[in-house]
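Undergrad: I would like the atomic coordinates for the input below:
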Amino acid sequence: MTVQAATDGVAWNAFVAAHPAGTVDHLWQWRHVIADALGHESLYLEARRATTVVGVLPLVLVRSRIFGRSVISLPFLNYGGILADGNDPDVVQALIDAARDAASRFGGSHVELRHTRRQSATLPCRQHKLAMLRDLPASSETLWTALDRKVRNQVRKAQKAELTVASGGVELVDEFYDVFSRNMRDLGTPVYPKALFTLTLQTFAREARVVVVRHGRQTAAAGISLTFGRTVLNPWASSLRELRPLCPNMLLYWTLLEQAVADGAEVFDFGRSSPGAGTHQFKLQWGAVEHPLCWEYVLLSRPEPPDQGPSNAKFDRAIAIWQRLPLGIANRLGPIVAKHLP
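TA: Okay, the predicted model is just below:
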């Protein structure tokens, strides 16, 4: 068995599509999106037996002025890590060893593997995030009747408030970003550059969709979905706080779910959440089921896995300061800072 840098994106995507744990985040195209939008190089490793691909591992070499150098699979996205044919432990270990070597050459302090399940019994693992998934029925009518009465009432409230819905592609990215960037400022989180979403929608033109909910001429909520096989993932969504009494976020998610059913999807992935967070509770009310994630770590120059998320109390003051920034300043500074927050 050999492990090497992959060069054939077609073969890579075919392996990802055939693997039961493959996700849209594992696809080859993300290496170009992340490089062009966020400035980070990638190293996509493949394991082969003779000429047959038996495992893949997408890696991004992150140079952060805040956290230093690290190697992550995959930053800025929900999932990543190793896909091994038949979960072969020899393939898993060979890819871990190759990732360790790559991180050492790069000068990284650690490798972070954002797995959906434990792949190695010897690596330290953090289970601080949950994937939130809901199985979908064959019809939107069945889905509607299965929803909690409170959820249905809130969707009806939005409809009675004469909120309107539009779906499309990259032509709606400005509306999406207007809502998303304001919500990120309100949360105290630097916003990603608009280029990340523009390139995502252009690169995955067939798989990606933007949904916007409008109140008159104002965009009240917006989200992006990505289809992979029989799963629809919603990685990004936001709504305006001042319009939340009209429930535009509820109409947004009902529309995303209804469209997923119409497209023949079998699973709706609400994206990851931190246990107990507001987004966690919001997704539970839609019938999402918790699936604990396992982020595994190869440690090179640090004694324990990093805790670099906003739930870490040491970032409370920075979050509070960011929340008070004027929106224009937050939107100028955010994309500069966010690329250093993987």
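
Undergrad: Could you report the pLDDT at residue 310?
TA: In this model, residue 310 is scored at 68, pLDDT.

Undergrad: Can you name the next helix or strand after the longest strand seen in the chain?
TA: In the chain, taking DSSP state E as the definition, the longest strand is strand 52-64. Where DSSP states H and E defines the elements, the next helix or strand beyond strand 52-64 is strand 68-73.

Undergrad: Which neighbouring elements make contact with the longest strand of the chain?
TA: Judged by 3 or more CB pairs under 8 Å, 6 or more residues apart in numbering; DSSP states H and E, strand 52-64 is in contact with helix 9-18, helix 30-38, strand 41-49, strand 68-73, strand 83-84, helix 89-106. Every C-beta, even on glycine, is put in place using the N, C-alpha and C of the backbone.

Undergrad: Which of the ones you listed has the highest mean neighbour count?
TA: strand 83-84 (a mean of 25; mean count of other CB atoms under 10 Å).

Undergrad: helices or strands up against that strand?
TA: Judged by 3+ CB pairs under 8 Å, 6+ apart, strand 83-84 is in contact with strand 52-64, helix 89-106.

Undergrad: how far is the longest strand of the chain from where the chain is centred?
TA: For strand 52-64, the separation from the chain centroid amounts to 17 Å (computed by CA atoms, centre = their mean, to the nearest Å).

Undergrad: how about the helices and strands packed on strand 83-84, which one is nearest residue 246?
TA: Among these, the nearest to residue 246 by CB to CB is strand 52-64 (38.8 Å).

Undergrad: Report the buried residues of stretch 254-267.
TA: By neighbour count with 16 or more other CB atoms under 10 Å, stretch 254-267 contains the buried residues 254, 255, 256, 257, 258, 259, 260, 261, 265.

Undergrad: ok, of these, which one's closest to residue 238?
TA: Nearest to residue 238 among the buried residues of stretch 254-267, counting by CB to CB, is residue 256 at 13.0 Å.

Undergrad: okay, that closest one: pLDDT?
TA: pLDDT, residue 256: 98.

Undergrad: just to revisit the earlier point, strand partners of the longest strand of the chain, parallel vs antiparallel please.
TA: For strand 52-64, the paired strands and their directions (DSSP bridges) are strand 41-49 (antiparallel), strand 68-73 (antiparallel), strand 83-84 (antiparallel).

Undergrad: Could you list the low-pLDDT ranges of this protein?
TA: 309-312 (pLDDT under 70).

Undergrad: domain parsing for it?
TA: What automatic domain parsing lists as the domains of the chain is 2-128+293-302, 137-265.

Undergrad: What does residue 88 show for phi and psi?
TA: Main-chain dihedrals, residue 88, degrees, to the nearest 10: phi -60, psi 120.

Undergrad: about what we covered before: nearest to residue 133, out of the strands paired with strand 52-64?
TA: That would be strand 83-84 among the strands paired with strand 52-64, by CB to CB, at 18.3 Å.

Undergrad: Outside of the closest one itself, which residues are in contact with it?
TA: Contacts of strand 83-84 with the rest of the structure, by CB atoms under 8 Å, 6 or more residues apart in numbering, involve 15-16, 19, 21-22, 26, 47, 54-57, 91-92, 95, 119.

Undergrad: coming back round to it: to residue 277, which of the helices and strands packed on strand 52-64 lies closest?
TA: When those are compared by CB to CB, strand 68-73 sits nearest residue 277, at 21.4 Å.

Undergrad: Please write out the alpha-carbon positions of that closest one in CSV.
TA: Listed next in CSV are the C-alpha coordinates belonging to strand 68-73 (Å, rounded to 0.1, in the frame of the first residue of the first chain):
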residue,chain,number,x,y,z
GLY,A,68,-0.5,29.2,14.7
ARG,A,69,0.0,26.5,12.1
SER,A,70,-2.2,23.3,12.0
VAL,A,71,-3.4,20.8,9.6
ILE,A,72,-7.2,20.3,9.5
SER,A,73,-9.7,18.0,7.8
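
Undergrad: Hey, what's the angle from it to helix 89-106? Just curious.
TA: On the basis of axes from the mean of the first three to the mean of the last three CA atoms, to 10 degrees, strand 68-73 is oriented at 160 degrees to helix 89-106.

Undergrad: Buried residues in the longest strand of the chain, which are they?
TA: By neighbour count with 16+ other CB under 10 Å, strand 52-64 contains the buried residues 53, 54, 55, 56, 57, 58, 59, 60, 61, 62, 63, 64.

Undergrad: would you turn these into JSON lines with distance to residue 317?
TA: Formatted as JSON lines, the buried residues of strand 52-64 follow (distance: CB to CB, whole Å):
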{"residue": "53", "distance to residue 317": "47"}
{"residue": "54", "distance to residue 317": "48"}
{"residue": "55", "distance to residue 317": "43"}
{"residue": "56", "distance to residue 317": "40"}
{"residue": "57", "distance to residue 317": "37"}
{"residue": "58", "distance to residue 317": "34"}
{"residue": "59", "distance to residue 317": "32"}
{"residue": "60", "distance to residue 317": "29"}
{"residue": "61", "distance to residue 317": "30"}
{"residue": "62", "distance to residue 317": "24"}
{"residue": "63", "distance to residue 317": "25"}
{"residue": "64", "distance to residue 317": "19"}
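
Undergrad: Would you check which pair of these lies furthest apart?
TA: Using CB to CB, the two most remote members of the buried residues of strand 52-64 are 54 and 64, lying 32.2 Å apart.
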